[in-house]
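Student: below is the sequence, then the predicted model.
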Amino acid sequence: MDSDKLLTRIGGLLRQAESTDNEHEAEAFMAAAQRLATASSIDLAVARSHTRGRERRQTPTQRVVHIGEAGKKGLRTYAHLYIAIAAANDVQCDITQTSTTIFAYGFASDLDVCERLYSSLLIQMVRASDAYVKSGAYRSETTPRRVVDRRRRTVRLEHRPVAGVTARLEFQTAYAARIGARLADAKAETEAQATAAPETSQETALALRDKQLELRDYYREHSDARGSWRGTRASAGHSSHARRAGDRAARTARLGPADELPGARRQLREK
């Protein structure tokens, strides 16, 4: 299946997910979209194994994903969401320490799927977190803070109300993590089914392994990454209430086209 047909079929499933008010149906359509993406990736891997050595065989590439401008609130959680999606679609990522830019490495069809999923889920994540913060549900919770009295050389813990920015970041962090888990489950299920068929299991397993090795070699050759990204580490306190709310929202998230958020448009280009 070529990339255009793949995206058309996935788009149909996404539209069905968005048009239903039944959360179970929406979840089923989302899982189907991810299974189709994974299955198509497997088909491409098999095709590549049969066309090794041909000049026009698809090879990995790199795209630059601009998450946002430096200093914008929420960039780390935006980046976390993209990386969670990428992990379930055979895409490897490097990221700047400021969380403003991701360098994504993978096959073009997998990168296209990541962009489509990210475009939909980012908007849903931001809207859901906006609604949660506006509800004020987090205000009944407190979080411990270390207070240093330098003159008396003492340190004490004070329980202060959770700030709105903390609630938003905690909500979005949990949202991204749950989305990653759901997509990973769908990917694992599809790959297990594909490698279970006696007549094709060995060929498919070898093709998947070849794809992994090819992407690994490409990444090692082209990546200049140093150190590790700490974007998921909390820096503005903790809110278990917001985490639970973000997790619940992600469990029923719908995939589908939606209007772009002002200032949140991703700019991708191949290197």
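Tutor: Arrived safely. Values in this document were obtained by computation on a predicted structure and should not be read as measured data.
Student: make it CA atoms for all contacts and neighbour counts henceforth
Tutor: Fine.
Student: helix or strand for residue 202, which one?
Tutor: If you go by DSSP states H and E, residue 202 is part of helix 201-222.
Student: so what does the helix or strand just after that helix touch, helix or strand wise?
Tutor: The C-terminal neighbour of helix 201-222 among helices and strands, as given by DSSP H and E, is helix 240-251. Judged by 3 or more CA pairs under 8 Å, 6 or more residues apart in numbering; DSSP states H and E, helix 240-251 is in contact with helix 108-135, helix 164-194.
Student: how far off centre is helix 240-251?
Tutor: 16 Å (CA atoms, centre = their mean, to the nearest Å).
Student: what angle do that helix and helix 108-135 make?
Tutor: Counting by axes from the mean of the first three to the mean of the last three CA atoms, to 10 degrees, helix 240-251 lies at 140 degrees to helix 108-135.
Student: list the buried ones in helix 240-251?
Tutor: 240-243, 245-247, 249-251 (16 or more other CA atoms under 10 Å).
Student: relative to residue 68, which of the helices and strands packed on helix 240-251 is closest?
Tutor: Proximity to residue 68 (CA to CA) singles out helix 108-135 among those, at 12.3 Å.
Student: return the most buried member of the helices and strands packed on helix 240-251.
Tutor: Burial of these is given as mean neighbour count (mean count of other CA atoms under 10 Å); helix 164-194 ranks first at a mean of 21.
Student: quick one: that one to helix 108-135, angle?
Tutor: Using the same axes, to 10 degrees: helix 164-194 against helix 108-135 is 140 degrees.
Student: and the helices in the stretch 1-150 of the chain, which stretches?
Tutor: Counting by DSSP state H, counting those that start in this stretch, one finds helices in the stretch 1-150 of the chain at the ranges 3-19, 23-50, 75-87, 108-135.
Student: re the thing from before, could I get the buried residues of helix 240-251 as JSON lines with pLDDT and distance to residue 223?
Tutor: Output for those, formatted as JSON lines (pLDDT from 0 to 100; distance: CA to CA, whole Å):
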{"residue": "240", "pLDDT": "87", "distance to residue 223": "36"}
{"residue": "241", "pLDDT": "85", "distance to residue 223": "38"}
{"residue": "242", "pLDDT": "90", "distance to residue 223": "35"}
{"residue": "243", "pLDDT": "90", "distance to residue 223": "33"}
{"residue": "245", "pLDDT": "90", "distance to residue 223": "36"}
{"residue": "246", "pLDDT": "92", "distance to residue 223": "33"}
{"residue": "247", "pLDDT": "92", "distance to residue 223": "32"}
{"residue": "249", "pLDDT": "93", "distance to residue 223": "34"}
{"residue": "250", "pLDDT": "92", "distance to residue 223": "31"}
{"residue": "251", "pLDDT": "89", "distance to residue 223": "33"}
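Student: just give me the closest of the residues you listed to residue 128.
Tutor: When the buried residues of helix 240-251 are compared against residue 128 (criterion: CA to CA), the nearest one is residue 249, at 7.0 Å.
Student: for stretch 67-77, what is the average pLDDT?
Tutor: Regarding stretch 67-77, the rounded mean pLDDT is 88.
Student: tell me which residues in it are buried?
Tutor: Buried residues in stretch 67-77 (16+ other CA under 10 Å): 67-68, 74-77.
Student: now render those residues as TSV, adding distance to residue 139.
Tutor: Shown next, in TSV, are those (distance: CA to CA, whole Å):
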residue	distance to residue 139
67	29
68	29
74	20
75	23
76	23
77	21
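Student: most widely separated two among these?
Tutor: For the buried residues of stretch 67-77, the maximum inter-member distance is 11.4 Å, found between 68 and 77 (CA to CA).
Student: related to what we said a few turns ago, using CSV, write out the CA atom coordinates for the helix holding residue 202.
Tutor: Extracted C-alpha coordinates of helix 201-222, given in CSV (Å, rounded to 0.1, in the frame of the first residue of the first chain):
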residue,chain,number,x,y,z
SER,A,201,5.8,-15.7,10.3
GLN,A,202,9.5,-16.3,9.6
GLU,A,203,9.6,-14.0,6.6
THR,A,204,7.7,-11.2,8.5
ALA,A,205,9.9,-11.6,11.6
LEU,A,206,13.1,-11.3,9.5
ALA,A,207,11.7,-8.3,7.6
LEU,A,208,10.9,-6.5,10.8
ARG,A,209,14.4,-7.3,12.1
ASP,A,210,16.0,-6.0,8.9
LYS,A,211,13.9,-2.8,9.2
GLN,A,212,15.1,-2.3,12.8
LEU,A,213,18.7,-2.8,11.9
GLU,A,214,18.5,-0.5,8.9
LEU,A,215,17.0,2.3,11.0
ARG,A,216,19.5,1.7,13.8
ASP,A,217,22.4,2.0,11.3
TYR,A,218,20.9,5.1,9.8
TYR,A,219,20.4,6.7,13.2
ARG,A,220,24.0,5.9,14.3
GLU,A,221,25.3,7.5,11.1
HIS,A,222,23.3,10.6,11.2
